[in-house]
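Undergrad: could you work out the structure for the sequence below:
(chains A, B, C and D)
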Number of protein chains: 4
Amino acid sequence: MIIVFRAGATQSNVASVMKEIEDKGLKPVPLYGTERTVIAVIGDERELNEGHFESLPYVEKVMRVLKPFKLVSRETKPEPTIIDVNGVKIGSKQICAIAGPCSVESEKQMDSVASSLKKMGIRIMRAGAYKPRTGPYSFQGLGKEGLQILNEVGKKYGMATVTEVLDPRDIEAVSTHCDVLQIGARNMQNFELLKEVGACQKPILLKRGLCATIEEFLLAAEYILSHGNPNVILCERGIRTFEKETRNTLALATVPLVKELSHLPIIVDPTHGTGKKSLIAPMAKAAIACGADGFIIEVHPNPEEALSDADQQLLPSQFETLLKEIQPIVDAVGRHL
Amino acid sequence: MIIVFRAGATQSNVASVMKEIEDKGLKPVPLYGTERTVIAVIGDERELNEGHFESLPYVEKVMRVLKPFKLVSRETKPEPTIIDVNGVKIGSKQICAIAGPCSVESEKQMDSVASSLKKMGIRIMRAGAYKPRTGPYSFQGLGKEGLQILNEVGKKYGMATVTEVLDPRDIEAVSTHCDVLQIGARNMQNFELLKEVGACQKPILLKRGLCATIEEFLLAAEYILSHGNPNVILCERGIRTFEKETRNTLALATVPLVKELSHLPIIVDPTHGTGKKSLIAPMAKAAIACGADGFIIEVHPNPEEALSDADQQLLPSQFETLLKEIQPIVDAVGRHL
Amino acid sequence: MIIVFRAGATQSNVASVMKEIEDKGLKPVPLYGTERTVIAVIGDERELNEGHFESLPYVEKVMRVLKPFKLVSRETKPEPTIIDVNGVKIGSKQICAIAGPCSVESEKQMDSVASSLKKMGIRIMRAGAYKPRTGPYSFQGLGKEGLQILNEVGKKYGMATVTEVLDPRDIEAVSTHCDVLQIGARNMQNFELLKEVGACQKPILLKRGLCATIEEFLLAAEYILSHGNPNVILCERGIRTFEKETRNTLALATVPLVKELSHLPIIVDPTHGTGKKSLIAPMAKAAIACGADGFIIEVHPNPEEALSDADQQLLPSQFETLLKEIQPIVDAVGRHL
Amino acid sequence: MIIVFRAGATQSNVASVMKEIEDKGLKPVPLYGTERTVIAVIGDERELNEGHFESLPYVEKVMRVLKPFKLVSRETKPEPTIIDVNGVKIGSKQICAIAGPCSVESEKQMDSVASSLKKMGIRIMRAGAYKPRTGPYSFQGLGKEGLQILNEVGKKYGMATVTEVLDPRDIEAVSTHCDVLQIGARNMQNFELLKEVGACQKPILLKRGLCATIEEFLLAAEYILSHGNPNVILCERGIRTFEKETRNTLALATVPLVKELSHLPIIVDPTHGTGKKSLIAPMAKAAIACGADGFIIEVHPNPEEALSDADQQLLPSQFETLLKEIQPIVDAVGRHL
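TA: Reported below is the predicted structural model:
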């Protein structure tokens, strides 16, 4: 940690800060510059309260030297984490393809989509039973009934299932019925929920928040790991910017950057990342080209009648075309589906 | 609702959309332009699924005519909502001043700050028992013990209390011990929590999300009202932008705009809105000047030792100065503290 | 400057950086931490090329200790700069009110608005002769003819005039005909233009760019001062964010923050800052409440027929009401119009 | 155009708007809804002044049906524009690779980099003679001397040259010495410059502004085309967002979206788009995977000694590796370098 004093700070101001640092068992090194005095701290700065020093009237700013996360860091664990979901080794050379409708709407709809996806070789299916909707008058999901349908259809077709959990009270039911628990973008900083999914052992698909920095995204994963669950799959799904032609701005540079910073696998959601059907396939290809471990895409047997996100779900036939088109890119990066 | 067709849409495409609209009991009016065909829908467009029409391959875009919220709208209820908290009539000519520390840290700390605030005439005190922290290694609040301290100190000094609730499972405890439940910025779209606080009758202080639009902010309030609780106090607390000199960008134009769109009271949080002590007083004044119904400010008896947000909490004496400085602005807008 | 090395950096990496710093006449202080080595630089870091050190493969990041601007800094010149325009002392206790239409459209229009403003006591009038328009098919301004009209009408009513200059080739004509040269938001980083207006001695009204940080804003002013012109009036006019209910997000905290960092006066443009007529008066009041030295507002004798920005210009009568409403706020902060 | 009236608008308000529309030769169609009256306009709405209607007190909002650009639109010209630069057919199946240093620093530096690039088969070289720098104390480029060096080295190695023009007064010199004129991100809305490069016939490389929407980006191109120059190459180079781990947020979805909206070629700049060396290759691959017509990358013979952007320029050997790594992606999308 680097503590920069204001121009007028006195010797005794500096001395008092040095004493505090020493009291915490760390070593302060004062540097007397031409315009500013600076204290550099030797030791694990994570034990210091950054805000405390910033609150001192004679301190101008405090700069951290170390990243605030530990368990998710590649420095802590250099080899990649590989998470096995239904035989798909997420984080390995294998590209993980997750597909399914936005919401569970009926057994018939789920059976139809699962049957189509199965034929294409998809082994992990997504669908929402609890739906976070911007307005209270929109379809809120089938809840427990949705979980049961998802579970049954998944079993019938031998597919692992992914579904979002919104409320700590639902974790037990969701983890009983499903294979992967999704934390949605709006809940990326719902810390109580993160702690609770950290206490279960199912793999967690953690989506980046709409306006979360990459550091905050990794700290959200750190919550889960630090509560005992090492099986976190990160998911870049677009951030909110001034641009309105696309629903979100898919920030693909997150992929190689997260790969440098962390050992966790990261996949991409081009459906929410763009909100436009015609952009899903190009962005899925781009995701694989820059190193993503997979993608998650909304597929619905009849998107026009979908109860949510009708405008961005692909038909099974469109998704099949996407899988064919993406194969040369998967090959080009030396991986396999 | 206005449905704009793509350049190549056929007569039968238009006819099928018209039929769908009629089937929902609304009236479609087709308009054949020189470059595009458009259908205008007569009737309550909220009954239509916007996404459905956008999903049609021959539709270019869908534009809404009406706002998606109803209960919070000033058109629905032209007179302002006034919420009485401990004799402070929030939303009336009276300016509401809420103050207190970021976190409940101890009975001593709370007694000290409450005693100071009481002398200044403050009737509503804030303090966090459950703390949403970006990283898992930061102080997470005292939890239930914090609630009890807050409750006891509030009673001792005759002050109403505001505290944040993070988890639906804590609502009962929080509403037993406190007078106003706060929904924090990170939970503005935690819809399960919104539904649950909508089911209780305590006033809710709803903070704007870091990247929530004003429309989403009002829709979050709509969740609470539609679940039965009309007592919502909105709070503008800054949004996340590219600017990093301030912690957030306090978007004060939200205040007069929300006053046009909604009957709900709105206050401003200049502490989180700026993250810099020296900016709190100027922005509190600006908030009152543009029509806010009050402000909420972090005050701590010893900010340098605070366990959270040490850098942005005011000393009681600094807050007292702020109250004095703001009085002429309060007078200038014809209101009173 | 603080140079943070990567985890694996060697002694010889550190030594080579130390040598480079010494070669520039500055003093490097190496600090060997538990996880990272850090070099702190004693001396004026502005002489070092930050990017150079960041480019080294064994350097993780470089953090500046000092602000990159000098001449505009309040540390360099603690007393406020006061700029006299037609007897209005901008930056003093006097609040500066600038008003006028978006564009010069005709002599009749300008005469009408000038006559109205004169009666209200306004001494500085704005109007655009060269207009930066998003699309090429919009009205682009009357150019030189507009300058002449502005000049004549200004003289007739004894008002100083402000107009935007877009092209270095127009500076001579603009500075001959007008009293204050405006650099618009889209040209805040048109550095050739900044250098040229730095070479003239007329006061410059420098608007903040749509996505300029406060540091970049002050560096743009530094360009002008460093080229010889100390008469810069800053203007906060809103930044671009995800929010679309207002045209821009008026970031009023810029005002007190710039006052801390710089000695230059700063005014606020609530017209462009909000883009909505009903929000102009509340935000002008808020601007004064938080310490702005004035405001600039678009006023048109017949906004509905304006050739640009028709939707956000006030009628003279509306502006007169605003002046009356703002007076108590001006009084409350101990200033005068 | 769709004009939505406020709830209280009268019959005569509606009638007056209808008359105005008819007076412009267009056809208004009034629609009387349950909550709002709406007028739809039949005819080319681009002839109407949107702001005028929004300025009317009884109008709530105005929504456009058509895009505001024409010449750059794919509807106007469905076949792609292909621009030949030194035999590289930009916009065809051929992927265009542009490389070179941030700034021209000396003949020796330019000769070194050109010689390296030539061997790799690169036919278009970039380098800045006029440099837009955030602060006035940074290296501002060699100016005319730089142009001459660029010209000579280009000729020597048979490479076309790209350089940025900042000032309309430099266009003649730049277009005499170079083959492609670059309009930088900070000048994307320097409309006088756009008009002037629209009047020359050299190809223009137009970079997206830091906070420009895609619509504004295409309107900037429209300025150039409407002033007579059809040879515009668009370049996505990242936008400014809240994320600070990367210098900008490279918004790759712009590529397929611009391909839908416009016939112009679009390339990607992963150097400025990320600002981090390690992210350049992954993002160049992603760009090609999602359909970009090429990339532009900064390459310097000795990046550590570069006078600008030292931290983000690749060594020739690193660029050569990138070219090899990207080849399988180029093949995978059925194109060639």
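Undergrad: chain D contacts on the stretch 201-337 of chain A?
TA: Applying C-beta under 8 Å from any C-beta of the partner chain, one finds that the stretch 201-337 of chain A approaches chain D through A:211, A:213-215, A:239, A:241-246, A:249-253, A:255-257, A:260, A:273-274, A:276, A:278-279, A:282-283, A:285-291, A:328-329, A:331-333. The C-beta positions use only the backbone N, C-alpha and C, and glycine is treated the same way.
Undergrad: can I have the buried ones of these as a PyMOL selection?
TA: Buried members of those, defined by 16 or more other C-beta atoms under 10 Å in any protein chain shown, are picked up in PyMOL with:
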select buried, chain A and resi 211+213+214+215+239+241+242+243+245+246+249+250+251+252+253+255+256+257+273+274+276+279+282+283+285+286+287+288+289+290+291+328+329+332+333
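Undergrad: among the residues of the stretch 201-337 of chain A next to chain D, which are in helices?
TA: Mapping those onto helices (DSSP state H) picks out A:214-215, A:255-257, A:260, A:273-274, A:278-279, A:282-283, A:285-289, A:328-329, A:331-332.
Undergrad: measure A:Cys200 to chain B for me?
TA: 16 Å (C-beta to the nearest C-beta, to the nearest Å).
Undergrad: what do you get for A:Pro78?
TA: 22 Å.
Undergrad: which residues does A:Ala221 contact?
TA: The contact partners of A:Ala221, by C-beta atoms under 8 Å, 6 or more residues apart in numbering or on different chains, come to A:Phe69, A:Val72, A:Leu206, A:Val232, A:Leu234, A:Ser262, A:Leu264.
Undergrad: look up phi and psi at the second one.
TA: By that I understand A:Val72. phi -80, psi -10 (degrees, to the nearest 10).
Undergrad: ok, now the fifth one?
TA: As for A:Leu234, its main-chain torsions (degrees, to the nearest 10) stand at phi -80, psi 150.
Undergrad: look up phi and psi at the nearest residue to it once chain neighbours are set aside.
TA: Nearest residue to A:Leu234 in three dimensions, chain neighbours excluded: A:Ile266, at 4.2 Å (C-beta to C-beta, 6 or more residues apart in numbering or on different chains). The phi/psi pair for A:Ile266 (degrees, to the nearest 10) reads phi -140, psi 130.
Undergrad: is it true that A:Ile266 touches A:Ala253?
TA: No - counting by C-beta atoms under 8 Å, A:Ile266 does not reach A:Ala253; the two are 11.7 Å apart.
Undergrad: flag every residue of the stretch 151-300 of chain A that's near chain B.
TA: A:166-169, A:186-187, A:189-192, A:195, A:210-211, A:216, A:219, A:222-223, A:226-227, A:240, A:277.
Undergrad: which residues of chain A fall in helices?
TA: A:11-23, A:50-54, A:107-119, A:144-157, A:171-177, A:191-198, A:214-226, A:254-261, A:270-274, A:277-289, A:316-332.
Undergrad: now the fourth one and helix A:107-119, what's the angle there?
TA: Per axes from the mean of the first three to the mean of the last three C-alpha atoms, to 10 degrees, the angle that helix A:144-157 makes with helix A:107-119 is 30 degrees.
Undergrad: would you put the C-alpha positions of helix A:144-157 in PDB?
TA: C-alpha atoms of helix A:144-157 as PDB (Å, rounded to 0.1, in the frame of the first residue of the first chain):
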ATOM      1  CA  LYS A 144     -40.900 -25.100  -8.000                       C
ATOM      2  CA  GLU A 145     -43.100 -26.600 -10.800                       C
ATOM      3  CA  GLY A 146     -40.500 -25.300 -13.300                       C
ATOM      4  CA  LEU A 147     -37.700 -27.000 -11.300                       C
ATOM      5  CA  GLN A 148     -39.500 -30.300 -11.400                       C
ATOM      6  CA  ILE A 149     -40.100 -30.100 -15.100                       C
ATOM      7  CA  LEU A 150     -36.400 -29.200 -15.700                       C
ATOM      8  CA  ASN A 151     -35.300 -32.100 -13.500                       C
ATOM      9  CA  GLU A 152     -37.500 -34.600 -15.200                       C
ATOM     10  CA  VAL A 153     -36.700 -33.600 -18.700                       C
ATOM     11  CA  GLY A 154     -33.000 -33.400 -17.900                       C
ATOM     12  CA  LYS A 155     -33.000 -37.000 -16.600                       C
ATOM     13  CA  LYS A 156     -35.000 -38.200 -19.500                       C
ATOM     14  CA  TYR A 157     -32.500 -37.000 -22.000                       C
END
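Undergrad: which other helices and strands contact it?
TA: Applying 3 or more C-beta pairs under 8 Å, 6 or more residues apart in numbering or on different chains; DSSP states H and E, we find helix A:144-157 packed against helix A:107-119, strand A:124-126, strand A:160-164, helix A:171-177.
Undergrad: any idea how far A:Asp331 is from A:Lys285?
TA: Separation of A:Lys285 from A:Asp331 (C-beta to C-beta, to the nearest Å) stands at 12 Å.
Undergrad: now do A:Val153
TA: 31 Å.
Undergrad: my guess is A:Ala99 contacts A:Ile122. True?
TA: Yes - applying C-beta under 8 Å as the test, A:Ala99 and A:Ile122 come out as touching, 5.4 Å apart.
Undergrad: wait, what's in contact with the residue lying closest to A:Asn229 once chain neighbours are set aside?
TA: Leaving aside its sequence neighbours, A:Asn229 sits nearest to A:Gly198 (C-beta to C-beta, 6+ apart; 4.8 Å). If a contact means C-beta under 8 Å, 6+ apart, then A:Gly198 has A:Tyr223, A:Ile224, A:Leu225, A:Ser226, A:His227, A:Gly228, A:Asn229 as its contacts.
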